[in-house]
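[1] fold the following.
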Amino acid sequence: MPRAEHNISRDDISDNALKVLYRLDKAGFDAYLVGGCVRDLMLGLHPKDFDVVTNATPEQIKGLFRNCRLIGRRFRLAHIVFGREIIEVATFRGHHEQSEPKDKSHQGEQGQLLRDNVFGTIEEDAERRDFTINAMYYNIADYSVTDFANGIKAIKQRRIELIGDAETRYREDPVRMLRAVRFAAKLNMNISDATGKPIVKLGHLLTHVPAARLFEEVIKLLISGNGLQTFKLLLEYKLFGYLFPHIAPQLDDPQSREYRFIQKILINTDNRINTDQRVTPAFTYAAMLWYPIEERSQQLTFESGLTQHDAFNIAMNDVLTEQIQRIMIPKRFSTSMREIWQLQHRLPKRFGRRAYQLLAHPRFRAAYDFLLVRAEVEGGELVELAEWWTEFQDASNDHKKAMLESLRRQEGRRGAPRRRRTRRKKAPTSGSNAQ
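    Got it, this is the predicted structure:
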């Protein structure tokens, strides 16, 4: 499609992406925008990332850009760094042959590509793309768009469709199953039968994907503004259990507290993202594991006779340790998750200075938001607790003191710290038996 036949304008392309494209072109290399950014521009959306593909090798790319770093062993890529923005540049991928050395091409027993550094032509690269809507290339040399796999037709039909045999492509990279779901939710499209039917059968392949890679993929799935719809599709295609095995068995019933809790958490997260408010993965991950931790804690208390505090701490460690075998959660997030969980047991203890200390806690706001959703789902005493903290936050100092005094009277000082009175012994007098 020449420039006059498509709607992509350079005004909608990142200035840094244009710099990369023009420098590659000036050096005599082919340079294209490719994948999701071209798809989104064709749909009239605003891409967050701009990916470039070229016939230059990674080493040649590095020679052109001082701000370039080469990354990856499985896929050798160049990252051109412009402050916070990174333009990812890949060399055209080629087809794998039996004669290729293992450092360039290697497949695992399940058919998964463990090395993929075979370079080829743009036509071969297009065949290696995952979905038809992602095989469109924008050429900086003449501003044309080449659609290799009928991506425009798929966009018009609102259809997600793999290029090539679905089972083979999923075995090459099981994450493509998650990507199919993510694109369907994000773009409000349907997954074609040929692309969707093998997913249920092959979902177990996700257990072979490195846990660190799955962390990034889950963020794209659930913390991108389309989390609720993505969640429903993950359940529909039986993929959610391979990501969060602890909670999945309780999600078969949409009326269960677990389902309603995650649903409300994702609605809140989507709303915050879509209104440009800050979100943290720790909050979403904490929600996924909250009820499994509560259940494990109760089990430990019943079976081992541990105190509630000790059982809860052990349950947190157990569930989190098991979860990171599936999805590697960085410590900066797992620490926040622990604090959100622990505060759920501290928020009911509001007497005296404790209320002020909790209000000053760095994770109070996240824990309070977490409590609000729990109160919506569980009701009962949590509703009163949530309302109390809502009022306390915005109250004047005098009103805060009055609220705490009222609470003390209502509770009859139950749970409030008590000072032990001790009798002072009289000093012995001269001639007494104490001598």
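
[2] pLDDT weak spots in the stretch 101-250 of the chain?
    101-117 (pLDDT under 70).

[3] just the helices in it please.
    Taking DSSP state H, counting those that start in this stretch to define them, one finds helices in the stretch 101-250 of the chain at 122-128, 151-156, 166-172, 175-187, 193-202, 211-222, 227-236, 240-243.

[4] could you report the pLDDT at residue 31?
    Confidence at residue 31, expressed as pLDDT, is 97.

[5] surely it meets residue 54?
    Yes - assessed by Cβ atoms under 8 Å, residue 31 is found in contact with residue 54 at 5.2 Å. C-beta coordinates here come from the backbone N, C-alpha and C atoms, glycine included.

[6] who has more neighbours out of the two?
    Set residue 31 next to residue 54 and count neighbours by other Cβ atoms under 10 Å: residue 54 wins out with 26 against 22.

[7] rewinding a little: could you dump the helices of the stretch 101-250 of the chain to a markdown table with mean neighbour count and distance to residue 377?
    Shown next, in a markdown table, are the helices of the stretch 101-250 of the chain (neighbours: other Cβ atoms under 10 Å; distance: least, Cβ to Cβ, whole Å):
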| stretch | mean neighbour count | distance to residue 377 |
| --- | --- | --- |
| helix 122-128 | 18 | 45 |
| helix 151-156 | 17 | 38 |
| helix 166-172 | 20 | 35 |
| helix 175-187 | 22 | 23 |
| helix 193-202 | 16 | 29 |
| helix 211-222 | 18 | 18 |
| helix 227-236 | 20 | 15 |
| helix 240-243 | 20 | 19 |
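
[8] would CSV of the ones you listed with distance to residue 359 be doable?
    What follows is the helices of the stretch 101-250 of the chain, written out as CSV (distance: least, Cβ to Cβ, whole Å):
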stretch, distance to residue 359
helix 122-128, 55
helix 151-156, 50
helix 166-172, 49
helix 175-187, 37
helix 193-202, 46
helix 211-222, 29
helix 227-236, 29
helix 240-243, 35
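
[9] picking up where we left off before, list residues touching both of residue 31 and residue 54?
    residue 24 (Cβ atoms under 8 Å, 6 or more residues apart in numbering).

[10] out of the helices of the stretch 101-250 of the chain, flag the one nearest residue 382.
    Residue 382 lies closest, by Cβ to Cβ, to one member of those: helix 227-236, at 22.6 Å.

[11] what's the helix or strand harbouring residue 358 in contact with?
    If you go by DSSP states H and E, residue 358 is part of helix 353-359. Contact partners of helix 353-359, identified using Cβ under 8 Å, 6+ apart, comprise 343, 346-347, 350, 364, 392-393, 400, 404.

[12] buried residues of that helix, list them for me.
    354-355, 358 (16 or more other Cβ atoms under 10 Å).

[13] for that helix, the distance to its chain's centre please.
    31 Å (Cα atoms, centre = their mean, to the nearest Å).

[14] just the mean pLDDT for whatever helix or strand comes next after that helix, thanks.
    From helix 353-359 onward toward the C-terminus, using DSSP H and E, the following helix or strand is helix 364-378. Mean pLDDT, helix 364-378: 97.

[15] I'd like the next helix or strand past helix 364-378.
    Sequence-wise, the next helix or strand downstream of helix 364-378 (DSSP H and E) is helix 381-394.

[16] touching that next one from outside, list them.
    Applying Cβ under 8 Å, 6+ apart, the set of residues contacting helix 381-394 is 347-348, 350, 355, 359, 368, 371-372, 374-375, 400, 403, 407.

[17] residue 296: which of those residues is nearest?
    residue 374 (17.3 Å).

[18] that closest one: what's its closest spatial neighbour, skipping adjacent residues?
    Using Cβ to Cβ, 6 or more residues apart in numbering and skipping the chain neighbours, the partner closest in space to residue 374 is residue 382 (5.5 Å).

[19] and if you look at residue 282?
    Residue 282 sits nearest to residue 336 (Cβ to Cβ, 6+ apart), 3.7 Å away.

[20] quick check: longest helix of the protein.
    Longest helix of the chain, by residue count under DSSP state H: helix 281-304.

[21] skip the chain neighbours and tell me the closest residue to the spatially most central residue of the chain.
    Centre of the chain computed as the mean C-alpha position; nearest residue by Cα atoms, centre = their mean is residue 219, 1.6 Å away. Take residue 219 and drop its neighbours on the chain: the residue closest to it by Cβ to Cβ, 6+ apart is residue 281, 5.6 Å away.

[22] I figured the one you found hits residue 333, correct?
    Yes - using Cβ under 8 Å, residue 281 is in contact with residue 333, at 5.4 Å.

[23] circling back to that earlier point, check contacts around the residue nearest to residue 219.
    Residue 281 neighbours (Cβ under 8 Å, 6+ apart): 219, 223, 333.

[24] try it again at 10 Å.
    Residues in contact with residue 281, defined by Cβ atoms under 10 Å, 6 or more residues apart in numbering, are 215-216, 218-219, 222-223, 269, 329-330, 332-333, 336-337.

[25] with residue 248 instead?
    Residue 248 makes contacts with 234-235, 238-242, 258, 288, 292, as judged by Cβ under 10 Å, 6+ apart.

[26] could those go into CSV alongside distance to residue 63?
    Formatted as CSV, these follow (distance: Cβ to Cβ, whole Å):
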residue, distance to residue 63
234, 43
235, 48
238, 47
239, 42
240, 45
241, 47
242, 42
258, 54
288, 45
292, 51
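
[27] among these, which one sits closest to residue 311?
    residue 292 (13.7 Å).

[28] find the nearest non-adjacent residue to that closest one, please.
    residue 246 (3.7 Å).

[29] quick one: residues contacting that neighbour.
    With Cβ under 10 Å, 6+ apart, residue 246 has these contacts: 288-289, 291-293, 295-296, 318-319, 322-323, 326.

[30] what of residue 142?
    Applying Cβ under 10 Å, 6+ apart to residue 142 gives the contacts 2-3.

[31] show the model's pLDDT score for residue 412.
    For residue 412, the predicted pLDDT is 70.

[32] okay, it and residue 75: tell me how far apart.
    Look at residue 412 and residue 75: by Cβ to Cβ, to the nearest Å, they are 65 Å apart.

[33] cool, and residue 253?
    41 Å.

[34] format the buried residues of helix 353-359 as TSV; extra columns: distance to residue 136 and pLDDT.
    Listed next are those as TSV, based on distance: Cβ to Cβ, whole Å; pLDDT from 0 to 100:
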residue	distance to residue 136	pLDDT
354	59	93
355	57	94
358	53	96
